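Novice: From the sequence below, what's the structure:
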Amino acid sequence: QVQLVESGGGLVQAGGSLRLSCAASGGTFTFYTVGWFRQAPGKGREFVAAIRWSGGNTYYADSVKGRFTISRDNAKNTVYLQMNSLNSEDTANYYCARMFGSRYYESGDYASWGQGTQVTVSS
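Specialist: Below you'll find the model as predicted:
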């Protein structure tokens with residue numbers, strides 16, 4: 001049973017950067033698309049970014065395009081989310097998951113969700 005574990009969250013000032021990691025244990029997600037989603041208090045889970053298994057195709061929500069970069073190291077079974085120019089609207093709990101469906105932007109097409117890592121941006 002593959003488990004995904006997110007790390008790297010924390011408190012950062014507006015304009016700052018963080019790098020999140022999503023590590024797989026108990027298996028591999030080498031041949032899966034992996035996505036990052038986030039959920040702010042009182043809001044639904046929102047697509048952030050996704051990366052195909054080869055790393056050759058990446059997808060971003062409009063709200064993070066140009067500021068966030070998703071990457072992966074299949075040898076380390078880890079996917080990263082580099083977040084720059086953070087602002088208060090980026091404050092949320094960030095989750096990673098493996099895609100089992102075909103819609104990279106749809107949380108319902110993912111499974112093996114991690115527990116999340118909290119990102120808080122202070123203004």
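Novice: Sheet partners, orientation included, of the helix or strand containing residue 69?
Specialist: Counting by DSSP states H and E, the element that carries residue 69 is strand 68-73. Listed by DSSP bridges, the sheet partners of strand 68-73 and their directions read strand 78-83 (antiparallel).
Novice: give the contact list for the most centrally placed residue in the chain.
Specialist: Geometric centre of the chain, nearest residue: residue 36, 2.4 Å, by Cα atoms, centre = their mean. Residues near residue 36 by Cβ atoms under 8 Å, 6 or more residues apart in numbering: 20, 22, 48, 49, 50, 70, 79, 81, 94, 95, 96. In short, each C-beta sits where N, CA and C put it, glycine included.
Novice: List the buried residues for the strand holding residue 69?
Specialist: The neighbour-count check on strand 68-73 (16 or more other Cβ atoms under 10 Å) flags 68, 69, 70, 72 as buried.
Novice: quick one on the thing from earlier: between the contacts of residue 36, which sits nearest residue 61?
Specialist: When the contacts of residue 36 are compared for distance to residue 61 (Cβ to Cβ), residue 48 comes out closest, at 5.5 Å.
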